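Novice: just coords:
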Ligand SMILES: Nc1ncnc2c1ncn2[C@@H]1O[C@H](COP(=O)(O)OP(=O)(O)OP(=O)(O)O)[C@@H](O)[C@H]1O
């Protein structure tokens with residue numbers, strides 16, 4: 001049976017052609033000599049491997065046939081109307097790159113020397129001396145990149161290198177890169193964003209050239225197997241896979257065309273916890289899903305847990321894992337073989353449910369004598385209740401549910417404090433509020449009351465539940481029952497609290513083991529909780545951390561806007577190192593975000609309705625449009641106001657996003673989602689909510705709250721794939737200034 005390799009370009013078939021493409025390729029895999037297929041060479045073609053095949057009366061497929069092995073391999077390039085297909089087949093070649101051996105598809109234009117546009121603004125004649133200073137300077141030249149670097153060291157096509165070296169704006173360079181062989185385009189973007197040659201070679205695995213072969217067909221097959229070639233080609237292993245690859249087209253690219261760097265983190269094996277950081281849209285979730293699959297398939301009975309902070313995102317990951325591999329064993333019982341996907345709080349609940357009586361023992365150990373496992377509820381209502389009764393015993397500035405919640409989650413629970421004496425002695429690193437003995441006593445009284453209320457009402461907050469679940473699992477490990485999962489993978493790690501980290505550690509076993517924990521995180525997107533330093537909670541990364549920097553989701557223009565929002569803040573990662581964002585880049589270009597100041601809310605509603613109508617009239621699919629707002633109240637007002645202006649829109653809360661209509665949701669809910677068009681609505685001075693007042697108990701807490709607001713805006717702006725619009729009424733948000 002012939003093997004089929006699909007090229008990325010063949011992935012972009014018109015919907016009407018998908019069924020035909022599938023029927024054609026299915027027949028080809030059964031028997032390439034089948035007479036109905038008409039697999040034929042083309043007279044006078046540049047590449048003697050090229051073939052055309054009959055899809056129907058009107059359409060032909062263009063393929064390359066590689067022989068030599070027991071079965072032939074066909075590289076499927078695409079489908080075109082008959083005459084176009086013949087013309088293309090004559091001039092298209094499948095060759096290996098002379099420098100690194102990577103297999104590439106190229107079009108050889110017989111009449112023109114270059115297939116890339118020379119930039120309009122590039123000087124064609126030597127400029128007169130006076131004009132030189134004002135002349136736009138080529139981007140790559142300014143970085144000291146030469147033609148020798150590009151052509152001889154990296155293996156970039158000469159005509160592409162010439163065009164790229166002449167480009168005087170990053171936009172034009174992006175355009176040129178977009179038309180190039182995938183890995184060559186990415187190499188140019190990397191160089192333009194300041195990476196040196198060695199870094200580019202390492203990122204794209206060009207420092208591992210393909211082993212040479214004297215047999216041309218063998219060389220092509222080897223070149224197709226290189227990590228950089230896999231950006232453009234994928235082996236199709238079954239008819240199911242073929243159908244999905246064709247049906248999902250470009251939307252399913254993440255399933256098959258991984259970047260060599262992403263691939264490295266999917267297949268990499270480490271002695272202990274590994275941390276993958278990276279900006280919004282760099283494919284961290286994609287890596288987590290692929291890695292979960294790779295680990296689940298790495299041995300009999302592997303138990304893999306995939307988790308994250310919010311239930312919505314966990315649900316989305318479960319769906320995507322199925323899209324990635326419908327055959328993957330999914331586990332519905334914690335501890336069973338397969339991949340178990342759940343939000344971190346649902347994991348805690350599941351552990352406690354199974355714990356039975358032992359759960360109450362763990363609760364007493366963590367929360368003090370008398371505590372039992374109870375129903376899971378958020379802590380705010382209980383803190384407020386306790387403050388109403390005992391608030392007067394605290395200094396005014398500490399009468400804050402936010403302060404108490406943070407003190408409890410980051411100091412008391414992780415240190416397993418159950419008595420005042422322990423609290424008086426405990427170290428409180430990173431809390432930013434100093435407490436003398438008297439103040440500690442007062443704070444402990446309120447915390448003890450909080451615990452009493454919890455015990456009386458048979459309630460636990462989510463941090464308590466995680467801490468108790470971790471304690472229970474650790475006690476099982478001590479008794480020799482072992483750990484729950486061979487591998488635990490967590491997405492959005494920046495949002496987890498210390499007790500949740502302890503739970504993750506416990507799920508993977510108390511002691512470090514190979515590939516026990518894989519942590520994807522972006523400290524620029526921390527929108528919940530406090531800063532956490534992992535080493536304080538038994539998770540030692542030491543040298544096992546890397547970053548992804550290529551944004552797959554959004555355009556360079558949207559990314560620049562989003563990074564501008566972050567810029568005034570300082571962010572530290574889970575290793576307490578300063579996080580940088582200067583090397584984030586995008587391979588796509590689009591319009592500059594539109595900013596609209598309105599005089600009042602009515603005008604802002606009108607503008608929102610007009611913007612959405614314009615997008616819809618332009619053919620944008622309705623549910624790929626989102627309006628993002630700071631809170632639920634405004635969300636519901638926007639839905640109503642849009643409706644009054646003739647634009648149907650759906651408010652989205654916890655439920656899955658349904659098709660058919662533009663959606664309106666809070667910025668928090670937008671985490672982990674993406675849309676073609678996004679309007680950030682209501683970005684006025686008042687968009688920093690009154691609720692943040694409770695963070696004013698210390699300067700550092702207030703600064704951190706503002707940092708989280710910046711991060712929230714960064715999350716929201718990076719949801720836009722193609723176009724971003726921002727509006728406000730009256731005075732603009734200080735975060736945008
Ligand atoms: N190799 C790839 N090929 C094609 N598309 C990709 C690839 N990697 C990621 N993407 C796409 O880029 C988008 C962002 O990916 P993903 O959600 O994994 O990023 P992320 O880093 O987790 O983002 P965020 O932190 O903002 O949630 C998705 O649409 C994903 O399908």
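Specialist: Structure received. Please read these numbers as outputs of a predicted model, since none were measured by experiment.
Novice: only C-alpha atoms for contact and neighbour calcs from this point on.
Specialist: Fine.
Novice: Before we move on, what's the pLDDT of the closest residue in space to residue 372 that isn't next to it in sequence?
Specialist: Closest residue to residue 372 apart from its sequence neighbours, by C-alpha to C-alpha, 6 or more residues apart in numbering: residue 360 at 4.7 Å. At residue 360, the model reports a pLDDT of 95.
Novice: what's residue 360 sitting at in phi/psi?
Specialist: According to degrees, to the nearest 10, the main-chain angles of residue 360 amount to phi -70, psi -40.
Novice: Distance of it relative to residue 366?
Specialist: Distance of residue 360 to residue 366, computed by C-alpha to C-alpha, to the nearest Å: 10 Å.
Novice: Give the residue from the two that has the larger number of neighbours.
Specialist: For residue 360 versus residue 366, the count of surrounding residues by other C-alpha atoms under 10 Å is larger for residue 366: 25 against 20.
Novice: residues contacting the residue nearest to residue 372?
Specialist: Listed by C-alpha atoms under 8 Å, 6 or more residues apart in numbering, the contact set of residue 360 reads 371, 372, 373.
Novice: Am I right that residue 295 is in contact with residue 305?
Specialist: No: taking contacts as C-alpha atoms under 8 Å, residue 295 lies outside contact range of residue 305: 10.4 Å.
Novice: so what sits against both of the two?
Specialist: Shared contacts of residue 295 and residue 305, counting by C-alpha under 8 Å, 6+ apart, come down to residue 487.
Novice: Those two: which has the busier surroundings?
Specialist: Using other C-alpha under 10 Å, the more surrounded residue of residue 295 and residue 305 is residue 305, with 28 against 20.
Novice: Specify the beta-bridge partners of the more buried one.
Specialist: Beta bridges link residue 305 to residue 340, residue 488 when assigned by DSSP bridges.
Novice: gap between it and residue 204?
Specialist: Counting by C-alpha to C-alpha - residue 305 and residue 204 are separated by 29 Å.
Novice: Then residue 684?
Specialist: Remark: distance between residue 684 and residue 204 (C-alpha to C-alpha) = 43 Å.
Novice: The two: which has the busier surroundings?
Specialist: Legend: neighbour count by other C-alpha under 10 Å for residue 684 and residue 204, higher for residue 204 (22 against 19).
Novice: contacting residues around the residue of the stretch 301-450 of the chain found nearest the ligand?
Specialist: The minimum distance from the stretch 301-450 of the chain to the ligand, using C-alpha to the nearest ligand atom, falls at residue 313 (9.1 Å). Taking C-alpha under 8 Å, 6+ apart as the contact definition, residue 313 lies against 343, 671, 672.
Novice: now residue 627
Specialist: Applying C-alpha under 8 Å, 6+ apart, the residues near residue 627 are 662, 663, 664, 665, 678, 679, 680, 681.
Novice: residues from the chain in reach of the ligand?
Specialist: 253-254, 257-259, 279-286, 552-553, 672 (C-alpha under 6 Å from any ligand atom).
Novice: Swap in 5 Å and give it another go.
Specialist: 253-254, 258-259, 280-286, 552-553, 672 (C-alpha under 5 Å from any ligand atom).
Novice: can those residues go into CSV with extra columns for distance to residue 405, pLDDT and secondary structure?
Specialist: Shown next, in CSV, are the residues of the chain next to the ligand (distance: C-alpha to C-alpha, whole Å; pLDDT from 0 to 100; DSSP: H, G, I helix; E, B strand; the rest coil):
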residue, distance to residue 405, pLDDT, secondary structure
253, 42, 85, helix
254, 39, 88, helix
258, 41, 91, coil
259, 41, 93, coil
280, 28, 92, coil
281, 31, 93, coil
282, 33, 94, coil
283, 33, 94, coil
284, 30, 96, helix
285, 29, 96, helix
286, 33, 96, helix
552, 37, 91, coil
553, 35, 92, coil
672, 26, 86, coil
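Novice: Which two of the residues you listed have the greatest separation?
Specialist: 259 and 672 (20.1 Å; C-alpha to C-alpha).
Novice: higher neighbour count, these two?
Specialist: residue 259 (24 against 20).
Novice: Excluding chain neighbours, what is closest to the more buried one?
Specialist: Residue 259 sits nearest to residue 231 (C-alpha to C-alpha, 6+ apart), 5.8 Å away.
Novice: got the contact list for that neighbour?
Specialist: 8, 182, 183, 257, 258, 259, 260.
Novice: cutoff 6 Å now
Specialist: By C-alpha atoms under 6 Å, 6 or more residues apart in numbering, the contact set of residue 231 is 257, 258, 259.
Novice: Before I go, just wanted to say thanks for your time.
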